[in-house]
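J.: Sequence and predicted model, in that order:
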Amino acid sequence: MASIKDVAAHAGVSVATVSRTLNGHPSVSPGARTRVLAAVEALEYRPNAVARSLRTDQTHTLGLVISDVLNPYFTSLARAVEEEARALGYSVIIGNADERPELQDHHIRTLLDRRIDGLLVSPADGRSPLTLEAVRSPTPVVLVDRWLPGLDVPVVRADGRVAVHDLVAHLHGLGHRRLAIITGPASTTTGSERVSAFRSGLSAFGLPLPEAYIGQGDFQAESGRRAMERFLALPEPPGAVFAADNLMALGALDAIRAHGLRVPEDIALAAFDDIPWFVHTDPPLTAIAQPTDELGRAAVRALIARIEGRPARSVTLPARLVVRRSCGEPAPPAGPEPLTGPAMPAVPAGPVSESGGTQPHGTAGPDPRSTP
């Protein structure tokens, strides 16, 4: 591998001139710049990033610790982060916490030891001492998706409370009255927020949430399967289940099928975190979609602002309800039978859902402004 000295010798200039050329310094003459760049190309010279970071105290590298790389939501988030960082001249090192606080701490420690310029974290557990230490360290930190209450650190996240209320209204409008939830870990802000929003939505319609209709999950498919098994074993199973995460929804769907039941004929199912797979399930799943790409890009911009000493504010973007067929189809509007003549085509009475059906006026459904 060619060194900077080799480039200087090949171009017939000093090492300092090579350095100034590569850093775009205006003091280099056009002739010297041309010779240096030709030497760089001929020798296939690549600057030593480690040596440069020691001189500038910057690595142009960001760290990203996500909760679960197997979750399609976090995979999409990581891709958006990497694309935005690359566009702004940064590389990204990703650590997968696998929803385990101790593994999260391992990745945070490793990334800080590698002298990253900034850190993005989606906390698997807000009680982790090392996460709190990282937030208070000199390294700029931005939290994404999940947050740590009471800390003065920028957070980039989606607010799903309105979308959860829309989901409850949609289920109520379809005639469902026995609604259950598979929750995420209470130690995560997303887990607690989603169950709180679900309770609030039920309360708005005067519906209870019995303890038996609360299934504790951990954002993993197996926990969704176990919770659904318990629901189906009840003397009076719920008529509709809301899984507060996409993987738990897939586990719940497996349990329903294992019992020989049908969605939505026997039980309705909806999920938080829409993913591309849901349009291919049978039936396609109703889900709450987060603006994943925008969240990832906004998180990178906020982190780089902090790295460059500029103010960075928290960003909250709305989630939206995507209606498909897994909760049932709305009943056709009642009307008088035509006396004579051929049947007339029905006129849609409301916004069109993703499945191609309609939501009648006066019944619950997604806000037309949030329908895809």
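T.: Received it, and whenever you're ready, just let me know what you need.

J.: For Pro140, see how far away Val124 is.
T.: Let me fix one detail, which is that residue 124 is Ala and not Val. Ala124 sits 20 Å away from Pro140, taking CB to CB, to the nearest Å as the criterion. Any C-beta I mention is one placed from the backbone N, CA and C, and that applies to glycine too.

J.: What's opposite Thr316 in the beta bridge?
T.: Applying DSSP bridges to Thr316 gives these bridge partners: Arg157.

J.: who touches it in this structure?
T.: Val155, Arg157, Ala158, Asp159 (CB atoms under 8 Å, 6 or more residues apart in numbering).

J.: separation between it and Asp282?
T.: 35 Å.

J.: list the contacts for the nearest residue to Glu236 once chain neighbours are set aside?
T.: Leaving aside its chain neighbours, Glu236 sits nearest to Arg178 (7.0 Å; criterion: CB to CB, 6 or more residues apart in numbering). Arg178 makes contact with Tyr213, Glu236, Pro237, Pro238, Gly239, Ala240, according to CB under 8 Å, 6+ apart.

J.: Show the buried residues in those.
T.: Neighbour counting by 16 or more other CB atoms under 10 Å classes Tyr213, Pro237, Pro238, Gly239, Ala240 among the contacts of Arg178 as buried.

J.: Can you tell me which of these end up in helices?
T.: Of those, none are assigned to helices by DSSP state H.

J.: Turn those into a markdown table, columns for pLDDT and distance to Ala39.
T.: Output for the buried ones among the contacts of Arg178, formatted as a markdown table (pLDDT from 0 to 100; distance: CB to CB, whole Å):
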| residue | pLDDT | distance to Ala39 |
| --- | --- | --- |
| Tyr213 | 98 | 72 |
| Pro237 | 97 | 75 |
| Pro238 | 98 | 72 |
| Gly239 | 97 | 74 |
| Ala240 | 98 | 69 |
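
J.: how's the protein carved up into domains?
T.: 4-47, 59-157+293-317, 161-289+323-330+348-370 (automatic domain parsing).

J.: So what's the gap between the first one and the chain middle?
T.: Just to be clear, that refers to domain 4-47. 44 Å (CA atoms, centre = their mean, to the nearest Å).

J.: average pLDDT across it?
T.: For domain 4-47, mean pLDDT rounds to 86.

J.: what about stretch 186-205, distance to the chain center?
T.: For stretch 186-205, the distance to the chain centre is 18 Å (CA atoms, centre = their mean).

J.: in the stretch 151-300 of the chain, which spans are strands?
T.: 155-159, 179-183, 214-216, 240-243, 268-272, 286-289 (DSSP state E, counting those that start in this stretch).

J.: Who are the packing partners of the fourth one?
T.: Identification of packing neighbours for strand 240-243 by 3 or more CB pairs under 8 Å, 6 or more residues apart in numbering; DSSP states H and E yields helix 161-173, strand 179-183, helix 221-232, helix 246-258, strand 268-272.

J.: Output the fourth one as CSV - backbone C-alpha positions only.
T.: As requested, the backbone C-alpha atoms of helix 246-258 are provided in CSV (Å, rounded to 0.1, in the frame of the first residue of the first chain):
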residue,chain,number,x,y,z
ASN,A,246,-44.9,-6.6,14.2
LEU,A,247,-43.0,-9.7,15.3
MET,A,248,-45.4,-10.4,18.1
ALA,A,249,-48.3,-10.0,15.6
LEU,A,250,-46.7,-12.7,13.4
GLY,A,251,-46.3,-15.0,16.4
ALA,A,252,-50.0,-14.4,17.3
LEU,A,253,-51.0,-15.2,13.7
ASP,A,254,-49.1,-18.5,14.0
ALA,A,255,-51.0,-19.4,17.1
ILE,A,256,-54.4,-18.6,15.5
ARG,A,257,-53.6,-20.8,12.6
ALA,A,258,-52.3,-23.6,14.8
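
J.: Report the angle between it and helix 221-232.
T.: 50 degrees (axes from the mean of the first three to the mean of the last three CA atoms, to 10 degrees).

J.: Quick one: name whatever helix or strand follows the lowest-mean-pLDDT helix or strand in the chain.
T.: Within the chain, no helix or strand scores below helix 49-56, which has a mean of 47 by mean pLDDT, DSSP states H and E. For helix 49-56, the following helix or strand on the C-terminal side (DSSP states H and E) is strand 61-66.

J.: What are the contacting residues of that next one?
T.: Outside strand 61-66, the residues that reach it (CB under 8 Å, 6+ apart) are 74, 77-78, 81-82, 85, 90-97, 104, 107-108, 111-112, 114-122, 300, 303.

J.: Please report how far Ser27 lies from Arg157.
T.: 47 Å.

J.: Among the two, which residue is more densely surrounded?
T.: Arg157 (23 against 9; other CB atoms under 10 Å).

J.: Show the pLDDT at the more buried one.
T.: 97.

J.: For it, which residues are in contact?
T.: With CB under 8 Å, 6+ apart, Arg157 has these contacts: Leu143, Val144, Asp145, Arg146, Trp147, Leu295, Ser314, Val315, Thr316, Leu317.

J.: Where does pLDDT dip in the stretch 201-350 of the chain?
T.: For the stretch 201-350 of the chain, the stretches flagged by pLDDT under 70 are 331-350.

J.: Strands of the stretch 1-150 of the chain, start to end?
T.: 61-66, 91-96, 118-121, 141-144.
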